[in-house]
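Student: build me a structure from this.
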Amino acid sequence: MPASYAQLLIVSNDKKNSTALSEALRELTHYDVTLTSSLSQGEQLSKAHTFDIVLMDVCLKNEELAQFLDRSGAAIPPPVIVIGQTKEIPQLTQCIEDGAADYLLIPTNPTLLEARIRPHLQQKRLQEQALSSLRAFSEVEKLADDLRLVILPLGIALSAEKDWNRLLERFVVTAMDLCNADAGSLFMRTEDDSLRYEIMRVTSMGLAYGGVSGEPVTYANLPLYNERGEPDVENVATFAAHEGLSINIANIYDKSAFDFSGTHRFDAKNNYRTISCLTVPLQNNNVIGVLQLRNAKDPRTGQVIPFGAYQQLVAESLASQAAVAVHNRRLRRRETSLLRYKRELQIGRGIQASFFPDALPQPPGWELTARFHAAREVAGDFYDAFALPFDKIGLVIADVCDK
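Tutor: Next up, the predicted model:
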């Protein structure tokens, strides 16, 4: 596609003018031209398609050019070039004053038409590039603010949270808020290699399962391996768990490589419509869980839209923080268990030591000594020495179990 390729909209109810333009544009093959005869139709077309330049007949001035410009709805409205004949210069002048970008006299030829269109097209391209750069900068700035004000403090708060259910719920709710998601679910990996539903939220339906809601999630676990022992990669959540990759799907009802039959059943049962879906693994060396967000919403219109690159980056950052918090919590629990086990061993060693004699008898001509070293932390072995009648000595050595 040539760099100068553009979509043109011609609004003209003057057959002579539209014919003259069509003949001139016929030689300019890098323009895609749409022709309509009324401003109302032009407005409808502008809402459904993105046009780079609008060529408008000056005879349509009485149909409110300014209103057409205001209703364009585009972030960068297409420049309007009014077309007319020499005798219509006063009307052309008025159109320029009302907001038209330029004018073009009919009849014309391809060279003059190209010279008129190209500067406005280049200017629009530059404006679009500037807007794109501004949006990219705004996203980076917003991400920096979210990292500084929300994501990093959340990681600290999660690490300090002692309530397991509240920890997981806070993570999911924060991810939904920052990504403007209507629904969110959290799966945690179990010891038997499956994904267990921990949290489920659907804001528009008022559904809240798991977390501190008091309502358990009743959906079955998702096995990570099928009956043949092969990794299950048909479900998007299990695929993310196996591969450690984020999956961003604009519309699950479009042709997809994943099996969304469960989501389709949920939609049919609850009169819901899941469209966009973002699935992100929680990984800290290994994948320990999966976050799934559904139905991103445009903050201005409330319409469901695909999750953008910014939302995916935010979700991945949050998932990383949550994975560290969950991992640290598990380490603390293991440390607590180890300390308790160590204390119990110390008590066991103390009890075992109390069974041994404090001193051994020392009959004339004999020297008795003993040494005990357990093969493990605690053993059931035992020894003793004691005096018997008739100057005899009793020796006892016992191996209770094992070894």
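Student: and V54, which of the three is it?
Tutor: Look at V54: counting by DSSP: H, G, I helix; E, B strand; the rest coil, its state is strand.
Student: secondary structure element for the closest residue to V233 other than its chain neighbours?
Tutor: Spatially, and ignoring its direct neighbours in sequence, V233 is nearest to F239 (4.5 Å; Cβ to Cβ, 6 or more residues apart in numbering). Every residue, glycine included, has its C-beta placed from N, CA and C. Assigned by DSSP states H and E, F239 belongs to helix 236-243.
Student: pull out the buried positions in that helix.
Tutor: Within helix 236-243, the residues scored as buried using 16 or more other Cβ atoms under 10 Å are 236-241.
Student: quick check, nearest of those residues to Y219?
Tutor: A237 (11.3 Å; Cβ to Cβ).
Student: can you tell me the closest non-neighbouring residue to that closest one?
Tutor: V290 (4.8 Å).
Student: check the one you found and give its pLDDT.
Tutor: You'll see V290 listed with a pLDDT of 96.
Student: helix/strand/coil for L9?
Tutor: Here L9 is recorded as strand under three-state DSSP.
Student: mind checking how far it is from R329?
Tutor: Remark: distance between L9 and R329 (Cβ to Cβ, to the nearest Å) = 59 Å.
Student: mean confidence score for stretch 200-217?
Tutor: The model assigns stretch 200-217 a mean pLDDT of 91.
Student: distance between that stretch and the chain's centre?
Tutor: From the chain centre to the centre of stretch 200-217 is a distance of 19 Å (Cα atoms, centre = their mean, to the nearest Å).
Student: just the terminal-to-terminal distance for it.
Tutor: 7 Å (Cα to Cα, to the nearest Å).
Student: quick one: buried residues of it?
Tutor: For stretch 200-217, by 16+ other Cβ under 10 Å, it's 200-203, 208-211, 217.
Student: spatially, what comes nearest to Q91 if we skip its sequence neighbours?
Tutor: Nearest to Q91 is V58, by Cβ to Cβ, 6+ apart, at 4.8 Å.
Student: close enough to count as contact, that neighbour and P90?
Tutor: No: at 9.7 Å, V58 does not count as touching P90 under the criterion of Cβ atoms under 8 Å.
Student: which of the two has more neighbours?
Tutor: More crowded of V58 and P90, by other Cβ atoms under 10 Å: V58, with 25 against 10.
Student: show me what the helix or strand where Q352 lies is packed up against.
Tutor: Secondary structure from DSSP H and E places Q352 in helix 309-355. Packing partners of helix 309-355 (3 or more Cβ pairs under 8 Å, 6 or more residues apart in numbering; DSSP states H and E): helix 110-146, helix 152-160, helix 164-178, strand 277-284, strand 286-297.
Student: what's the first helix or strand after that helix?
Tutor: Counting by DSSP H and E, what follows helix 309-355 is strand 382-388.
Student: list the helices and strands that following strand packs on?
Tutor: strand 392-398.
Student: show me how far the strand it packs on is from its chain's centre.
Tutor: 73 Å.
Student: likewise for stretch 197-204?
Tutor: With Cα atoms, centre = their mean, you get 15 Å for stretch 197-204.
Student: what mean pLDDT does stretch 129-136 have?
Tutor: Stretch 129-136 comes out at a mean pLDDT of 70.
Student: list the beta-bridge partners for M200.
Tutor: Taking DSSP bridges as the rule, M200 bridges to S185, Y209.
Student: do I have it right that it meets S213?
Tutor: No: with contact defined as Cβ under 8 Å, M200 does not reach S213; the gap is 9.2 Å.
Student: now list whatever residues contact both of the two.
Tutor: Shared contacts of M200 and S213 (Cβ atoms under 8 Å, 6 or more residues apart in numbering): none.
Student: ramachandran angles for D182?
Tutor: Backbone geometry at D182, expressed as degrees, to the nearest 10, gives phi -80, psi -30.
Student: look up how far V202 lies from it.
Tutor: Applying Cβ to Cβ to D182 and V202 gives a distance of 7 Å.
Student: do G262 as well
Tutor: According to Cβ to Cβ, G262 stands 15 Å off from V202.
Student: same check, this time on L9
Tutor: Counting by Cβ to Cβ, the gap between L9 and V202 amounts to 41 Å.
Student: grab the nearest non-local neighbour of L388.
Tutor: For L388, the closest residue by Cβ to Cβ, 6+ apart turns out to be G394, at 5.0 Å.
Student: quick revisit: what angle separates the helix holding Q352 from strand 392-398?
Tutor: 160 degrees (axes from the mean of the first three to the mean of the last three Cα atoms, to 10 degrees).
Student: and helix 309-355, how far out from the chain's middle?
Tutor: The answer for helix 309-355 is 28 Å, by Cα atoms, centre = their mean.
Student: ok and it relative to strand 286-297, angle-wise?
Tutor: On the basis of the same axes, to 10 degrees, helix 309-355 is oriented at 150 degrees to strand 286-297.
Student: average model confidence for helix 309-355?
Tutor: Across helix 309-355, the per-residue pLDDT values average to 77.
Student: list the contacts for the residue nearest to Q91?
Tutor: Counting by Cβ under 8 Å, 6+ apart, V58 touches 82-84, 88, 91-92, 95, 103.
Student: now, the residues you listed that are in helices?
Tutor: 91-92, 95 (DSSP state H).
Student: distance to M188, pLDDT and neighbour count for those residues - can I get that in TSV?
Tutor: Below are the ones in helices among the contacts of V58 laid out as TSV (distance: Cβ to Cβ, whole Å; pLDDT from 0 to 100; neighbours: other Cβ atoms under 10 Å):
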residue	distance to M188	pLDDT	neighbour count
Q91	70	85	16
L92	69	86	21
C95	64	84	25
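Student: nearest to N221, of the residues you listed?
Tutor: Nearest member of the ones in helices among the contacts of V58 to N221, counting by Cβ to Cβ, is C95, at 67.0 Å.
Student: okay then, goodbye and thanks.
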